[in-house]
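>>> for reference, the sequence and a predicted model appear below.
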Amino acid sequence: DDGQGATGEAIIHADDHPGDWLTYGRTYSEQRYSPLDQINRSNVGNLKLAWYLDLDTNRGQEGTPLVVDGVMYATTNWSMMKAVDAATGKLLWSYDPRVPGNIADKGCCDTVNRGAAYWNGKVFFGTFDGRLIALDAKTGKLVWSVNTIPPEAELGKQRSYTVDGAPRVAKGRVIIGNGGSEFGARGFVSAFDAETGKLDWRFFTVPNPKNEPDHAASDSVLMNKAYQTWSPTGAWTRQGGGGTVWDSIVYDPVSDLVYLGVGNGSPWNYKYRSEGKGDNLFLGSIVALKPETGEYVWHFQETPMDQWDFTSVQQIMTLDLPINGETRHVIVHAPKNGFFYIIDAKTGEFISGKNYVYVNWASGLDPKTGRPIYNPDALYTLTGKDWYGIPGDLGGHNFAAMAFSPKTGLVYIPAQQVPFLYTNQKGGFLPHPDSWNLGLDMNKVGIPDSPEAKQAFVKDLKGYLLAWDPQKQQEAWRVDHKGPWNGGILATGGDLLFQGLANGEFHAYDATNGSDLFHFAADSGIIAPPVTYLANGKQYVAVEVGWGGIYPFFLGGLARTSGWTVNHSRIIAFSLDGKAGELPKQNNEGFLPVKPPAQFDAARTDNGYFQFQTYCAACHGDNAEGGGVLPDLRWSGSIRHQDAFYNVVGRGALTAYGMDRFDSNMNPNEIEDIRQFLIKRANETYQREVDARKNAAGIPEQLP
Ligand SMILES: O=C(O)c1cc(C(=O)O)c2c(n1)C(=O)C(=O)c1cc(C(=O)O)[nH]c1-2
Ligand SMILES: [Ca+2]
């Protein structure tokens, strides 16, 4: 027995039954290419809505649905699972793991979920509070559930571990990581037996702070290789060091290795984290392990000395690529740092790398080692000076998956440009429980409310579908979108690319040249990747709709430049003879401005701004301008009365909805400072928000 089992064989030979979508990236190579071609360039213009299913959460939807024998398994925000008849959209069963609402603020970036894994009649998915759940795929009944966070992981002291990535199954082991590096976390992945849920092995991605064994698969490589790349007394020893594996975990049956995409440092500030010393392995790396044991095989570090939130968790894809006349089995990778890497899949040898977006932090990569050639100014924690970085913390490419078409030989990347101003926290590292603990000045992280500052920033925002030629390591062409934060990409044998956009449109493009061949108004920003499948022999294309994730949460009002959108979460599916017509009309006005109380205490608003940026901005929007998903606090009824506001922020009146209580983080005066700041912001912006809606659609298309 080679350990692959029936499902493993089915995934390896996915093209023998192209009607299914059996694993996150469809195949183990995660190319997100489907050979289906009933829908193709000549008929895609006739594509029609076949069905839609309204979801019961209105936050970001990032899931890749699986399709097995005509049944779709979709995970949604708040870690819920739906089994749907893939031909009709009829709900067969649903499972709600009842994630407690107060967990929302343990994660940086919305209570999203990116998908499930299927193996041998069971579906597996992670929950935001750290569980891994196995359900019977037929009935939706619980088979097993485990807590993936071990007691040792308290190391970061903050215990901010959340699970939102899709598990993958390799040789009967379900492998899952977690997020948390913005708060305080020590990254690891765990492998569980698919049948029983028993822990098989665990691999930590950064060293034990005392360089002691964890009794995990990672012990020897961490103690012998990684620990030496950290300062023994940096803040990482208290803060966990980061390196969370929150998205890509890939099993490659060709090399028989599991690849982990490892995240950023915790805290971000490298001077505070590691006293400005060492490369900090395995941050910003791809790490290859043996699937049976978790034993280390090789690593390739893309961002040594990370201080920009340059995660390497972005999707890992394997390809057979002709290079200098020889076909090589390689990993292609477009991590946040803006470089497109080609790495030997068996050995981790660096083959080549080229920036796929504009970058200002490095002038290139060393052609032999692949190590970045840093712009010295970008090392802001060492210079002590501010750094306006491109890419910024959201990366040249984030979780939205890229695709490859073997017919065109191109990789299609949902690329973006979102700059970030990195400013050191003054006076050393000062963590706040339940807040982003970056070692950065949270006041400066925001954009000042001046037209000049906003326009300068907005001018630098870009979002586009980038067709990248991996053989030439250069751009082939691009399709510009309105702004950043668009959905992942699907490539098909019909020479099509499908992509949903931040502005709520769902498009089909010609895979050879980017011509726009079809679009549909889906009514809410799309950030998820589409899938395609057969049901009763007919091809469908489906995608989860629902604006969210970190971009609208943190950028708030500035995220409107990608298109005004209000969250209406759904799964939508298309076919050539679809009969569902249009989506029902929705109210797209969002949170309407409400005239605020006229008075506020100007002596309190500066501290209110600081508290807001520290505890609130990451969900409710920079400088208190909402991004269309969570309540825009400027217009909230609760800012009208001190007790009402304290009830929500201090005592947790809305905990069930994801608004945790903050009375252990802030005293009543500090919470009142936030309220005074919100009233000030409401007064400053009320009239211009009203004016921005004086148009036919009644929605604020233009940035006020
Ligand atoms: O460092 C981490 O642990 C971590 C976790 C996550 C997450 O779990 O979603 C994100 C990030 N970082 C991150 O840097 C990031 O840009 C990001 C975007 C999103 C999202 O779903 O919108 N999650 C995350
Ligand atoms: Ca991060």
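Looks like it came in fine. Ligands and ions are numbered 1, 2, ... in the order given.

>>> okay, the closest residue to G557 other than its chain neighbours and K444: tell me how far apart.
Using C-beta to C-beta, 6 or more residues apart in numbering and skipping residues adjacent in sequence, the residue nearest G557 is E625, 3.0 Å away. (Glycine included, C-beta is placed from N, CA and C.) Distance, E625 to K444, by C-beta to C-beta, to the nearest Å: 17 Å.

>>> same check on Q473?
36 Å.

>>> repeat for N424
Counting by C-beta to C-beta, the gap from N424 to K444 is 9 Å.

>>> so between those two, which is more surrounded?
N424 (24 against 16; other C-beta atoms under 10 Å).

>>> was I right to think that one contacts N269?
Yes: N424 sits in contact with N269 when judged by C-beta atoms under 8 Å, with a separation of 6.3 Å.

>>> give me the common contacts of the two.
Shared contacts of N424 and N269, defined by C-beta atoms under 8 Å, 6 or more residues apart in numbering, are found at 381, 439-440.

>>> narrow these to those in helices?
Using DSSP state H, the subset of the shared contacts of N424 and N269 located in helices is T381.

>>> what's the span of stretch 405-414, first residue to last?
End-to-end span of stretch 405-414 (C-alpha to C-alpha, to the nearest Å): 15 Å.

>>> cool, stretch 610-630 as well?
20 Å.

>>> buried ones in that stretch?
Across stretch 610-630, burial judged by 16 or more other C-beta atoms under 10 Å covers 610-630.

>>> does the spatially most central residue of the chain sit in a helix, a strand or a coil?
In the chain, the centroid-proximal residue (C-alpha atoms, centre = their mean) is F399; its distance is 3.9 Å. State at F399, reduced to three classes by DSSP: H, G, I helix; E, B strand; the rest coil: coil.

>>> mind pulling up the pLDDT for it?
According to the prediction, F399 has pLDDT 98.

>>> now swap in E154 and tell me
64.

>>> same question for E195.
97.

>>> what residues does the stretch 101-250 of the chain have near ligand 1?
The stretch 101-250 of the chain has residues 107-110, 112, 162, 164, 179-182, 244, 246 near ligand 1, with proximity defined as C-beta under 6 Å from any ligand atom.

>>> got the buried residues for whatever helix or strand I373 lives in?
In this assignment (DSSP states H and E), I373 forms part of strand 372-374. Of all the residues in strand 372-374, those buried under the rule 16+ other C-beta under 10 Å are P372.

>>> show me what it is packed up against.
Other helices and strands packing on strand 372-374, by 3 or more C-beta pairs under 8 Å, 6 or more residues apart in numbering; DSSP states H and E, are strand 362-365.

>>> average model confidence for the strand it packs on?
Rounded mean pLDDT across strand 362-365 is 98.

>>> stretch 638-646 now?
For stretch 638-646, the mean confidence score works out to 97.

>>> could you do stretch 234-247 as well?
Mean predicted confidence for stretch 234-247 is 96.

>>> so how far is that stretch from its chain's centroid?
Stretch 234-247 sits 18 Å away from the centroid of its parent chain (C-alpha atoms, centre = their mean, to the nearest Å).

>>> what comes up buried for the lowest-mean-pLDDT helix or strand in the chain?
One helix or strand of the chain scores below all others by mean pLDDT, DSSP states H and E: helix 451-459, with a mean of 90. Buried residues in helix 451-459, counted by 16+ other C-beta under 10 Å: 454, 457.

>>> so which residues on this structure come close to ligand 2?
Within reach of ligand 2 by C-beta under 5 Å from the ion, the chain has these residues: 181, 264, 309.

>>> neighbour count, secondary structure and distance to F677 added to these, as CSV?
Putting the residues of the chain next to ligand 2 into CSV (neighbours: other C-beta atoms under 10 Å; DSSP: H, G, I helix; E, B strand; the rest coil; distance: C-beta to C-beta, whole Å) gives the following:
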residue, neighbour count, secondary structure, distance to F677
S181, 35, coil, 28
N264, 28, coil, 29
D309, 28, coil, 26
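
>>> out of the residues you listed, which one has the weakest pLDDT?
Confidence-wise, S181 trails the rest of the residues of the chain next to ligand 2, at 95.
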